[in-house]
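Student: Coordinates only, no sequence provided:
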């Protein structure tokens with residue numbers, strides 16, 4: 001495994017990461033690793049297919065604009 005060291009992280013970013021890790025019951029290290037793993041998967045070619053994106057976005061709540069777009073598309 002490789003090691004990575006980050007310097008110069010703005011206070012606000014650090015605070016949000018720390019709070020996020022606490023909400024997920026993870027150490028800061030575990031939270032940052034989870035973020036890096038998830039985001040690197042998004043960049044890989046296997047997750048760029050429309051089916052994968054639909055799977056990733058399934059269950060999210062969308063505002064009324066999505067309903068309006070769908071209604072307009074069905075015209």
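Tutor: Yep, that arrived. Values in this document were obtained by computation on a predicted structure and should not be read as measured data.

Student: Output the below-cut-off pLDDT ranges for this protein.
Tutor: 42, 45-48 (pLDDT under 70).

Student: repeat that for 80
Tutor: Across the chain, the ranges flagged by pLDDT under 80 are 41-49, 51-53, 61-63.

Student: Show me where it has its helices.
Tutor: 11-23, 28-43, 50-57, 64-73 (DSSP state H).

Student: the inter-axis angle of the second one versus helix 50-57?
Tutor: For the pair helix 28-43 and helix 50-57, the angle between their directions (axes from the mean of the first three to the mean of the last three C-alpha atoms, to 10 degrees) equals 150 degrees.

Student: Sort out which residues of helix 28-43 are buried, please.
Tutor: Using 16 or more other C-beta atoms under 10 Å as the test for burial, helix 28-43 gives 31-32. C-beta coordinates here come from the backbone N, C-alpha and C atoms, glycine included.

Student: ok, back up a step: among the helices of the chain, which is nearest residue 5?
Tutor: Evaluated over the helices of the chain, closeness to residue 5 peaks at helix 28-43, with 11.7 Å, by C-beta to C-beta.

Student: Pull the distance from that closest one to the chain's centre.
Tutor: Relative to the chain's own centre, helix 28-43 is displaced by 8 Å; criterion: C-alpha atoms, centre = their mean, to the nearest Å.

Student: Who are the packing partners of that helix?
Tutor: Under the contact criterion of 3 or more C-beta pairs under 8 Å, 6 or more residues apart in numbering; DSSP states H and E, helix 28-43 touches helix 11-23.

Student: one more time with 10 Å
Tutor: Using 3 or more C-beta pairs under 10 Å, 6 or more residues apart in numbering; DSSP states H and E, the elements in contact with helix 28-43 are helix 11-23, helix 50-57.

Student: Would you reformat the ones you listed as a markdown table and include mean neighbour count and distance to residue 63?
Tutor: Below are the helices and strands packed on helix 28-43 laid out as a markdown table (neighbours: other C-beta atoms under 10 Å; distance: least, C-beta to C-beta, whole Å):
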| stretch | mean neighbour count | distance to residue 63 |
| --- | --- | --- |
| helix 11-23 | 12 | 23 |
| helix 50-57 | 10 | 14 |
